[in-house]
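A.B. asks: Fold the following, please.
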Amino acid sequence: MEYLELIITIELKKDIDFDEAGFVIGKNINKSMLFDEELKELHPKNQYKNYVFDTFYPFERDKKYKSGKLYIFKIRSIDVEMMKKMRKCLRVLRSFDFKILAIDAKLVKQRKIKTLHTLSPVILTIDDQPWLQNQDIKIFNERMIANLEKKYKSYFNEDLKAEVNLVKSIEFKNRKPVGLKYKNIKLLGNKVSIEVKEDEISQKLAFIALATGIGEKNSALGAGFCKAEFIK
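C.D. replies: All right, here's what the predicted structure looks like:
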């Protein structure tokens with residue numbers, strides 16, 4: 001397996017609060033997809049989009065990204081051809097929020113993952129309510145793994161045909177839920193570090209997590225974006 005990562009350099013046209021950045025980036029990616037007929041058809045469908053993005057970097061200590069400053073953000077997907085099309089679309093995007101100055105690309109091959117660290121909160125909902133840390137951790141793990149299995153199947157069109165629990169251990173990095181603004185509401189999630197099992201299926205799902213994000217709202221808010229520690 002492999003994923004393609006786009007590294008996008010932008011200049012902000014207005015100040016943007018930290019908890020709004022994901023929605024702003026997601027909105028502009030969606031807008032750019034309208035320039036390609038196949039991506040345009042994908043956009044409104046109620047299915048996994050199989051891409052994830054992070055927020056603007058560098059972070060600002062006051063949690064406000066500044067108009068006129070340069071930042072980067074990344075987009076990843078297991079669907080390499082889709083990302084190539086998205087790169088072309090982003091080159092012609094005209095946004096009220098930022099100006100795109102450069103787009104670089106990096107192809108990343110699968111390697112054995114030791115630990116996944118989420119840089120943005122993982123959003124998982126149960127009966128339309130966010131999972132919170134005072135709830136059963138077993139439910140968190142089950143929902144997270146089921147979500148990754150569905151992403152795997154949606155792209156490769158095959159089941160993994162085995163029971164999966166990729167988690168060797170999990171650590172929550174926040175005491176209180178982390179909120180991300182989405183339209184007129186705030187969605188709550190948690191940042192986690194996950195030590196991954198070394199068997200083949202667990203490693204496949206861990207790579208899917210790295211390529212497409214953990215949990216929900218990956219392509220809308222950039223939720224569940226990960227970095228990995230690899231096994232040397």
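A.B. asks: Determine the longest helix present in this structure.
C.D. replies: helix 137-156 (DSSP state H).
A.B. asks: which parts of that one are buried?
C.D. replies: Along helix 137-156, these residues count as buried under the neighbour rule (16 or more other Cβ atoms under 10 Å): 140, 141, 143, 144, 145, 147, 148, 149, 151, 152, 155. Yep, even glycine has a C-beta here, placed from its N, CA and C like the rest.
A.B. asks: ok, the fifth one - contacts?
C.D. replies: This means residue 145. 164, 165, 166, 167, 205 (Cβ atoms under 8 Å, 6 or more residues apart in numbering).
A.B. asks: Can you verify my assumption that the fourth one contacts residue 141?
C.D. replies: Meaning residue 167. Yes: counting by Cβ atoms under 8 Å, residue 167 touches residue 141, with 5.6 Å between them.
A.B. asks: Okay, residue 147 and residue 94: tell me how far apart.
C.D. replies: From residue 147 over to residue 94 the distance is 34 Å, taken as Cβ to Cβ, to the nearest Å.
A.B. asks: same deal with residue 216?
C.D. replies: Using Cβ to Cβ, residue 216 is found at 29 Å from residue 94.
A.B. asks: out of these two, which sits in the busier spot?
C.D. replies: Ranked by neighbour count (other Cβ atoms under 10 Å), residue 216 and residue 94 place residue 216 first, with 20 against 9.
A.B. asks: Surely that one touches residue 124?
C.D. replies: Yes: if you go by Cβ under 8 Å, residue 216 and residue 124 touch, sitting 6.3 Å apart.
A.B. asks: Name the residues contacting each of these two.
C.D. replies: In contact with both residue 216 and residue 124: residue 147, using Cβ under 8 Å, 6+ apart.
A.B. asks: got a list of contacts for stretch 186-194?
C.D. replies: Contacts with stretch 186-194, where a contact means Cβ under 8 Å, 6+ apart, come from 19, 115-124, 130-133, 166-174, 177-181, 206, 214-215, 217, 221, 223-224.
A.B. asks: what's the spacing between the longest helix of the chain and its chain's center?
C.D. replies: Centre-to-centre, helix 137-156 and its host chain are 14 Å apart (Cα atoms, centre = their mean, to the nearest Å).
A.B. asks: right, and the helix or strand after that helix?
C.D. replies: Counting by DSSP states H and E, the next helix or strand C-terminal to helix 137-156 is strand 167-172.
A.B. asks: for the helix or strand following that next one, which positions count as buried?
C.D. replies: Remark: after strand 167-172, the chain's next helix or strand is strand 178-182, criterion DSSP H and E. Residues 178, 180, 181, 182 are the ones in strand 178-182 that count as buried (16+ other Cβ under 10 Å).
A.B. asks: Might one say that the last one is in contact with residue 217?
C.D. replies: The one in question is residue 182. Yes: using Cβ under 8 Å, residue 182 makes contact with residue 217 at a distance of 7.0 Å.
A.B. asks: what residues does the worst-scoring helix or strand of the chain on mean pLDDT touch?
C.D. replies: The least trusted helix or strand in the chain, going by mean pLDDT, DSSP states H and E, turns out to be helix 37-42, with a mean of 86. Residues outside helix 37-42 that contact it (Cβ under 8 Å, 6+ apart): 33, 34, 49, 82, 85, 86, 89.
A.B. asks: The residue nearest in space to the middle of the chain: which element?
C.D. replies: By Cα atoms, centre = their mean, the chain has its centre lying nearest to residue 52, at 3.0 Å. Here residue 52 sits within strand 51-53, counting by DSSP H and E.
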